[in-house]
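just coords:
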């Protein structure tokens, strides 16, 4: 049975996220900074009368912070009854694909703990990443 996946780019890499974990895709313009939060938390963002925690996905993977100039694309997801905006480079598509295959052994270290497997888009293998792992950040990914 096929499933739907959102295809996005994070840190220049094409990745897939389970569409069932995604509420919407939005543009984020203003992020309110929050003191004393982990480095992968960019701040807070208001969306339709809700306050969302904004996650810098590059920083969550330990790849440094994203450049924050102008509007940014964010994927909205819920984790443990809270809403999060995951900043991404861009969103490409939503595709239907076969269930994920096992992760290849040669996944780059930054991606290893966020990876849930791979999906196929034609001949291309795309890494499936966990939104919950991105929310958790580098400390949890390293554990």
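Now that the structure is in, tell me what you want to look at. Because the structure is predicted, anything quoted here is derived from the model rather than measured.

burial of residue 44, as a residue count?
As a burial measure, residue 44 scores 16 neighbours (other C-beta atoms under 10 Å). For the C-beta atoms, the positions are set from N, CA and C on the backbone; glycine is no exception.

and the helix or strand where residue 135 lies, which residues are buried?
Residue 135 is part of helix 131-136, with elements assigned from DSSP states H and E. Along helix 131-136, these residues count as buried under the neighbour rule (16 or more other C-beta atoms under 10 Å): 131-136.

which two from those end up farthest apart in space?
Maximum pairwise distance in the buried residues of helix 131-136, criterion C-beta to C-beta, is 9.8 Å, between 131 and 136.

circling back: residues contacting the helix holding residue 135, please?
17-18, 21-22, 53, 55, 57, 60-61, 75, 77, 79, 84, 86, 113-114, 140-141 (C-beta atoms under 8 Å, 6 or more residues apart in numbering).

where does the chain dip in pLDDT?
1, 105, 139-143 (pLDDT under 70).

again, only this time at 90
Along the chain, segments meeting pLDDT under 90 span 1-2, 29, 48-49, 66-71, 80-81, 99, 101-113, 137-143.
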